[in-house]
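Novice: let's see this in three dimensions:
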Amino acid sequence: MVKTFSKISIIMNCYNGEEYLRESLKSILTQSYLNWELIFFDNNSKDNSKKIFRSFKDKRFRYFFSSKLLSLYNARNVALEKTKGDYISFLDVDDIWEKNKLKTQLKKIKQTKTDFVYSNYNYLKDNTLSIGFKKKQPEGFISNALLQRPFIPLMTVFFKKKILKENNLKFDKQFNIIGDFDLFFRLSKIVAFSYIHEPLAIYRRHSKNFSILNTNLFVKEYNLWLKQNKKMLDKSSIKDLKYLICYISVKTHIFNSKYVLAIKEFIKYPLSFNKLKLLALFLLPK
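Specialist: Okay, here's the model as predicted:
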């Protein structure tokens, strides 16, 4: 039985997010679990985000405005400092939650006695829903798996707030795109993760997604992360991460129509199913 006094802090970082904001906020309001607060961190938006947020009259909605534009992960850290809950969950302004998301994850984390739970998701593109994970995802201490592929979408996570404080952890603000991976990797070395195969969130894919517009940043930031953290990784882990960087690099060059660079990276990549996927991208670019 889920205890109703457990409070959940939801963090929504917003920078000019008016286009899909109303739908995202509605998916919070319709949650079947009721004891939550929303920390809405308006990162110096210039559009109608504040007006849309203020149109929702709910005492659980808490608004904070930054007088200057902060980097994404700096903004996430500032929002974290505003939370009062026992648990943390994130929803970005263009994503959506299923109505039982919080209730299901709170129940799972208590049943398994784990500190961190994530779930499957659907992604929405051109009004079509597709499943995120067809197979069950890793559980337990999953740091090695994370080095092979970053597979935990931020809008699906749910964890105990105390694990950040007890381990002096927060998002690394030097990153603009892999800050989630960095924090989850560090947590995965310390606490066990659990997984729910039911899709509990919807990731909206559109032309304005930051990760789509800045694919080159993945390679740059992963290389920086590897350089800074190489000493704590064994040879096998370093090899896995280098292959991941190579895989992302090939995809990025293909999508940017830089085929000579893509071929040079492709040659380095080991024979595997992923290499066949990359070959398909060569044949059917974009």
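
Novice: residue contacts, Phe56?
Specialist: Contacts for Phe56 were tallied using Cβ atoms under 8 Å, 6 or more residues apart in numbering; they are Leu25, Leu29. C-beta here means a position set from N, CA and C on the backbone, and glycine is covered the same way.

Novice: swap in Lys84?
Specialist: When contacts are taken as Cβ under 8 Å, 6+ apart, Lys84 is in contact with Lys7, Ser9, Glu37.

Novice: buried sites along the longest strand seen in the chain?
Specialist: In terms of residue count, the longest strand belonging to the chain (DSSP state E) is strand 193-204. Across strand 193-204, burial judged by 16 or more other Cβ atoms under 10 Å covers Phe193, Ser194, Tyr195, Ile196, Pro199, Leu200, Ala201, Ile202, Tyr203, Arg204.

Novice: from the contacts of Lys84, keep the buried residues only.
Specialist: In these, the ones that pass as buried (16+ other Cβ under 10 Å) are Ser9, Glu37.

Novice: mind putting the contacts of Lys84 into a markdown table with pLDDT, secondary structure and distance to Asp240?
Specialist: A markdown table is the format used below for the contacts of Lys84 (pLDDT from 0 to 100; DSSP: H, G, I helix; E, B strand; the rest coil; distance: Cβ to Cβ, whole Å):
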| residue | pLDDT | secondary structure | distance to Asp240 |
| --- | --- | --- | --- |
| Lys7 | 97 | coil | 38 |
| Ser9 | 98 | strand | 33 |
| Glu37 | 98 | strand | 38 |
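
Novice: any chance of CSV for the contacts of Lys84, columns distance to Tyr20?
Specialist: CSV is the format used below for those (distance: Cβ to Cβ, whole Å):
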residue, distance to Tyr20
Lys7, 27
Ser9, 22
Glu37, 22
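
Novice: mind listing what the residue nearest to Ile152 when sequence neighbours are not counted touches?
Specialist: The shortest distance from Ile152 to any non-neighbouring residue, by Cβ to Cβ, 6 or more residues apart in numbering, is to Tyr118 (4.9 Å). Applying Cβ under 8 Å, 6+ apart to Tyr118 gives the contacts Gln137, Ile152, Pro153, Thr156, Val157, Phe158, Phe193, Tyr195, Ile196.

Novice: about what we covered before: which helices and strands sit right next to the longest strand of the chain?
Specialist: Strand 193-204 sits against strand 96-97, helix 101-112, strand 116-125, with contacts defined as 3 or more Cβ pairs under 8 Å, 6 or more residues apart in numbering; DSSP states H and E.

Novice: state the mean pLDDT of it.
Specialist: The average pLDDT for strand 193-204 rounds to 97.

Novice: centre-most residue in this structure?
Specialist: Using Cα atoms, centre = their mean, the residue of the chain that lies closest to the mean C-alpha position is Leu154, 2.3 Å off.

Novice: that residue contacts Ile88, doesn't it?
Specialist: No. With contact defined as Cβ atoms under 8 Å, Leu154 does not count as touching Ile88 (11.0 Å).

Novice: how close does the residue nearest to Ile152 get to Leu129?
Specialist: Distance, Tyr118 to Leu129, using Cβ to Cβ, to the nearest Å: 19 Å.

Novice: identify the bridge partners of the closest residue to Phe159 other than its chain neighbours.
Specialist: Of all residues beyond its chain neighbours, the one nearest Phe159 is Phe116 (4.1 Å), with distances taken as Cβ to Cβ, 6+ apart. Beta-bridge pairing of Phe116 under DSSP bridges involves Phe159, Phe193.

Novice: so Phe116 is in contact with Tyr195, correct?
Specialist: No. Taking contact to mean Cβ under 8 Å, the distance of 9.8 Å between Phe116 and Tyr195 leaves them out of contact.
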